[in-house]
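Visitor: pasting the structure only:
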């Protein structure tokens, strides 16, 4: 009865105890591709769209190069068709009660559950990522995301009253991201009532499969549409009038290009950029667990990019020994092998890593590579780079997958300086068994997401996101929902007609100003100068601009600020920033209340100034009162900072901190010269920011009146007011890379210019008064 | 058993410096089971290897010479001969690593093994097993008697009241637990112990053995334990001198899996000899 399926080499394995292949069959993924005759189109309005006369791109197995299918490249009219389908679907989808949307998402989760094998084999087959991570990680999380957002949808009417869905969301995915990145965005968007058009790179079938699964639920076919096509379709998608927001994730440079091409479109942009992560290891850490943290972050096909590793000098040797020992046990191989740690990311990622490592080597770094890795492209071994000179170009560049760059640090202070000394601010982990130290480092890191004694944990209810160049969009939890909501009654997107505006010369020079006759302003005259660093200073240009009152008489002169003055103001604001951010909420509230009281004392002067601007006395007095009330309201708000402690399924609590951005620049509108100034000043300060303000161009005198009180009440540099030519000052602010955000209230044309200049910022420019304060 | 650990000066600062992050270790324990599997020939070979690590154990109050004899015979012939032949492994002399019994049954085991004509060592649990709460004098005497009876390996229950007050003892082998506790061999605990073994080896050059015991019943479990040791310590620890699995019912599940591998069919319980 025995001995028919005898193993040929059980004997050898018995001695060597080696691992063998654990192949997962791709049969079901191939069978699905066969149902499309190995030709994938787009999925629009619940149907496959395969227009004729389109170029096609082969979808290849990244390991063997075998052609799996051909994918049609979308064109502008395909995008238009998808957006039209989404716009039509939005009408009925957003009108549904939240419970109905929740049920629909739950049904989608169940469909995914039923077809998960197809999903994970297809994803692993075409991307080369290890099937274990897709199967046990991504597919499970995708279902959790749907379930979580189904619950959010069903409580939307009560929990999110006063907010409405934005409309049609354009989603742009670059080739290096897994389908899970799409889930993090479509789940909240669909939950709150938006519909989605996703532009995926050619040769990525998994999003199409997801769209098909969603479409085949029957009802609401057009809520999720997927177009595959080149990156050049991105601006075309964004410029469709129905699109209200574009969400993008990918490489920093791609994000910048997109932002530039979207200038003037007035479409909201949510960016999540960069892939590098950071791991900070102190000498009190569980070193072996931290080694596993590095493996999780860089060498297990979980994290998208490379890792910067900061190790306290006293444990450097011990940690490096353990890490190198661990690296030797890593296994890389075909993604569809169930017992490998790392798959491949294709030839491009392999080349990128190779270039980085060669360059690092040539700059004097040590490179350690280990692991059981197939010795051919597109596989690349786990790589540890150390001794990279801090000033070398490689030390500044983003670390690519699967490279880890290790550097030593001596003290916690130095660790923070090194960690924060990059333009990237995505995610990091801190490893320390001392609670106080771990929290101190966690607070000090300028990162969107910090894990303590873990790396890369995600949960649908926990918001994660980035800061600085890594983008400002949030995923998961309530923050993820607000990305796709706007206050009820916000006017829909208006198209801007500024395509042909010359932004190279915009605001470049200030027209000269000349004496304009006798001043017949009130007495005492308002103080003259720019309010910078707590006192009134003469402008660098040493010239002034005349301000007229409502009847055209010369009201007075204000200082003409310029680039140097902006530089000085930003510097002063930065000096004040750490002190102000460190103030207790109570102290911040106290100061705003004191300013409110000062305004009330100055009420008659302010009201008469407003009268000179043509405001009736009653209205002027009301404006002053309202301004004082605003200050008090934001003072109270400073106390409720929105820090929350949340217990999640991540074996530990989640602390959500709201941190000030730093230095904000605010360009005020002409209307309501006092109220607008105060209403913009108050939230920025209440949240712990310092500000550089450009007051109303027509009537900056009201702001200067307020400055007199700020001079006596506020610490120097907390609020700085620069008067002058608004266009010129706006340009100067946009070109200052150490301004963390810019709120601009003016014409859409200028907004377009800002988009072009604000290359360093990934923050949105505010364009409305109401809603969530963008300072948070 | 391995050459006796040469031992080292007790340096309590090693212990006080150790940091263990519980959630991180729990995550690692979950991962290790998911990230490494073996299939087909590899699985069969690994399972046969696992057999050679088993301390085939019976620790019941009603043990008598007859069931000890049966156990010893099973230790000598753990897998049916025809199955081993099919795998071309019949000439490898596959037996379990040892049989493990109470001190009073050591004589029976030694005799039974001699009768079966094999040199499998007899291990005896001793020193007031499983609580260890007896006098030092009787505990030492117990060891002496078991050795006199022919036991070559002694599973000592350390005095946990000493451990809990920071007074540690040394050993050649460390065991997750007696197997008689409510919680016995778990992966998170094993990870911490294996890392300690590695640290000790790096510091002193002494290799300490590791024996998980209690609750390891399925062939799949045993494979996970093998890969755990392979991942945390390396292949050099995967030999009976340094790695044992204390188990009683595991062997029959391994035999069933081998049967399935060879024949493609699942065995009924009566198809395989009992132990």
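Guide: Here it is on my side, so go on. Quantities reported herein were computed from a predicted structural model and do not represent experimental measurements.
Visitor: helices of the stretch 151-300 of chain A, start to end?
Guide: A:156-159, A:179-192, A:205-215, A:233-238, A:252-261, A:287-298 (DSSP state H, counting those that start in this stretch).
Visitor: so where do the strands sit in chain B?
Guide: B:54-57, B:98-101, B:122-126, B:153-156, B:173-175, B:209-211, B:245-247 (DSSP state E).
Visitor: what's near enough to touch the residue lying closest to residue B:231 once chain neighbours are set aside?
Guide: Distances taken as C-beta to C-beta, 6 or more residues apart in numbering or on different chains place residue A:329 nearest to residue B:231, at 5.7 Å, with adjacent residues excluded. Bear in mind the C-beta positions are built from the backbone N, C-alpha and C, glycine included. Counting by C-beta atoms under 8 Å, 6 or more residues apart in numbering or on different chains, residue A:329 makes contact with A:371, B:230-231, B:234.
Visitor: mind running it again at 10 Å?
Guide: A:295, A:341, A:370-372, B:36, B:230-232, B:234 (C-beta atoms under 10 Å, 6 or more residues apart in numbering or on different chains).
Visitor: pLDDT at residue A:73, what is it?
Guide: pLDDT recorded at residue A:73 is 94.
Visitor: quick check: closest non-adjacent residue to it.
Guide: residue A:55 (4.6 Å).
Visitor: tell me the pLDDT of the one you found.
Guide: So, for residue A:55, pLDDT stands at 93.
Visitor: again with residue A:264
Guide: Confidence for residue A:264, expressed as pLDDT, is 63.
Visitor: and for residue A:106?
Guide: For residue A:106, pLDDT reads 97.
Visitor: right, and the helix or strand after the helix or strand hosting residue A:730?
Guide: Under the criterion of DSSP states H and E, residue A:730 resides in helix A:726-734. Sequence-wise, the next helix or strand downstream of helix A:726-734 (DSSP H and E) is strand A:741-744.
Visitor: list the contacts of residue A:250.
Guide: Contacts of residue A:250 (C-beta under 10 Å, 6+ apart): A:172-177, A:181, A:201, A:231, A:258, A:271-275, A:304, A:471.
Visitor: my bad, residue A:121
Guide: Residue A:121 touches A:24-32, A:131, A:134-135, A:335-336, counting by C-beta under 10 Å, 6+ apart.
Visitor: from the residues you listed, which is closest to residue A:637?
Guide: residue A:134 (43.9 Å; C-beta to C-beta).
Visitor: so the closest one touches residue A:123, yeah?
Guide: Yes - judged on C-beta atoms under 10 Å, residue A:134 makes contact with residue A:123 at a distance of 4.9 Å.
Visitor: any common contacting residues for the two?
Guide: The contact lists of residue A:134 and residue A:123 share A:178-180, A:206, A:335, where a contact means C-beta under 10 Å, 6+ apart.
Visitor: can you redo those as TSV with pLDDT and distance to chain B?
Guide: Shown next, in TSV, are the shared contacts of residue A:134 and residue A:123 (pLDDT from 0 to 100; distance: C-beta to the nearest C-beta, whole Å):
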residue	pLDDT	distance to chain B
A:178	80	18
A:179	89	20
A:180	92	18
A:206	95	22
A:335	93	14
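Visitor: among those, which one has the most neighbours?
Guide: For the shared contacts of residue A:134 and residue A:123, the largest neighbour count, defined by other C-beta atoms under 10 Å in any protein chain shown, is 30 neighbours, found at residue A:335.
Visitor: ok, for that one, nearest residue in space, not its chain neighbours?
Guide: residue A:343 (3.6 Å).
Visitor: wait, what's in contact with the residue lying closest to residue A:374 once chain neighbours are set aside?
Guide: Nearest non-adjacent residue to residue A:374, counting by C-beta to C-beta, 6+ apart: residue A:333, 6.1 Å away. By C-beta under 10 Å, 6+ apart, the contact list for residue A:333 reads A:19, A:21-23, A:63, A:130, A:339-344, A:372-374, A:379.
Visitor: relative to chain B, how far out is residue A:333?
Guide: Residue A:333 is 12 Å from chain B, where distance means C-beta to the nearest C-beta, to the nearest Å.
Visitor: so residue A:39 touches residue A:57, yeah?
Guide: No - contact criterion C-beta under 10 Å: residue A:39 and residue A:57 do not qualify, at 11.2 Å.
Visitor: what sits in contact with each of these two?
Guide: Common contacts of residue A:39 and residue A:57 (C-beta under 10 Å, 6+ apart): A:69-72.
Visitor: tell me which of the residues you listed fall in strands.
Guide: A:69-72.
Visitor: and which of these is nearest to residue A:445?
Guide: residue A:71 (40.7 Å).
Visitor: in stretch A:228-247, what counts as buried?
Guide: A:228-229, A:231, A:233-240, A:242-247 (16 or more other C-beta atoms under 10 Å in any protein chain shown).
Visitor: can you give me the end-to-end span of it?
Guide: 16 Å (C-alpha to C-alpha, to the nearest Å).
Visitor: same question for stretch A:548-568.
Guide: 28 Å.
Visitor: how about it: buried residues?
Guide: A:549, A:554-563, A:565-566, A:568.
Visitor: next: stretch B:88-103.
Guide: B:88-89, B:94-103.
Visitor: restrict those residues to those near chain A?
Guide: B:88-89, B:94 (C-beta under 10 Å from any C-beta of the partner chain).
Visitor: pretty sure residue A:135 is in a helix, no?
Guide: Yes - under DSSP: H, G, I helix; E, B strand; the rest coil, residue A:135 falls within a helix.
Visitor: doesn't residue A:119 make contact with it?
Guide: Yes - taking C-beta under 10 Å as the definition, residue A:135 is a contact partner of residue A:119 at 8.8 Å.
Visitor: residues from the stretch 201-350 of chain A in reach of chain B?
Guide: When proximity is defined by C-beta under 10 Å from any C-beta, the stretch 201-350 of chain A lies next to chain B at A:283-293, A:295-296, A:300, A:318, A:321-322, A:325-326, A:328-329, A:331, A:337-341.
Visitor: the same query, at a cut-off of 6 Å, please.
Guide: The stretch 201-350 of chain A comes close to chain B at residues A:286, A:288-289, A:292, A:329, A:338-339, as judged by C-beta under 6 Å from any C-beta of the partner chain.
Visitor: chain A too?
Guide: So far as C-beta under 6 Å from any C-beta goes, chain A lies against chain B at A:2-3, A:6-7, A:10-11, A:13-14, A:17, A:20, A:22, A:136, A:286, A:288-289, A:292, A:329, A:338-339, A:433, A:453, A:651.
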